[in-house]
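**Student:** next one to model:
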Amino acid sequence: MSIHQTYAVFGLGRYGLAVAKELVENGAEVLAVDLDEELVNTAISEIPYCKCADITEAEVIKQLGIANIDVVIIAMASNLEASVMATMLCKEIGVKTVIAKCATDLDRKILSKVGADRVVFPESESGIRLAKNLLSSGFIDIMELSKDVSMVELPVKAEWAGKSLMELKLRKKYTINVVAIIEDKNVRIDIDPEMPLAASMKMIVIADTAKLEKLA
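**Tutor:** All right, here's what the predicted structure looks like:
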């Protein structure tokens, strides 16, 4: 994900507004939507494309052109029904990535079941942090271990496919340590350093946060 993709943010509470503002301030194209006209009027000075609409209606989703959006962030944790409907409608029209904010672990399971590609707890991930992760193309932040070190999920780059970790020497080149490999939703921590990597794999790595941009 990056600045070159288009984004929609559903819900302009504190979390949704923070995500939208951070994306806009970094040059991304963002459509922000909320049913509360007052929230929309307040946000429009900072987010040029704001709409007052009910995103639980299929026709509204169609009229807003959501099918052309790359990433939809659903920031309505206090309204599970609306979040579920919005998630389902977005996936039905082919939105590639839907990220939903949730309030409880049960909500997380429900949203994942109906198609959310990623579910976040606002208590553990701020809106600004989510936006920064979306804009820093190529990895998904899993956990900030310290101010300088993060654990991230990193896709296997096309140029890495067919090569082993031993050949790639990622630790030496990028100061990252691969701690697990994800393949077909299976996570392996007993990694064979001579095993050729596949483009369909993802790696969980511990890395120097400042050097992550070199991997994007």
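
**Student:** tell me where the chain has helices.
**Tutor:** Per DSSP state H, the chain has helices spanning 14-25, 37-43, 58-63, 80-92, 105-113, 127-135, 165-168, 170-174. These are given in chain order.

**Student:** can you point out the buried residues in the first one?
**Tutor:** By that I understand helix 14-25. Y15, G16, L17, A18, V19, A20, K21, E22, L23, V24 (16 or more other CB atoms under 10 Å). (C-beta placed from N, C-alpha, C; glycine too.)

**Student:** what's the closest of those residues to V60?
**Tutor:** G16 (17.0 Å; CB to CB).

**Student:** does the closest one touch V72 like I think?
**Tutor:** No. Look at G16 against V72 with CB atoms under 8 Å: they stay out of range, at 11.4 Å.

**Student:** return every residue with contacts to both of these two.
**Tutor:** V9, F10 (CB atoms under 8 Å, 6 or more residues apart in numbering).

**Student:** residues contacting the residue of the chain most remote from its centre?
**Tutor:** Using CA atoms, centre = their mean, the residue of the chain lying farthest from its centre is E194. It sits 31.0 Å away. Applying CB under 8 Å, 6+ apart, we find E194 in contact with S164, L165, M166.

**Student:** phi first, then psi, for it.
**Tutor:** Phi and psi for E194, reported as degrees, to the nearest 10, are phi -100, psi 0.

**Student:** still on that earlier bit, out of the contacts of E194, who's nearest I44?
**Tutor:** Using CB to CB, those come closest to I44 at L165, 48.8 Å.
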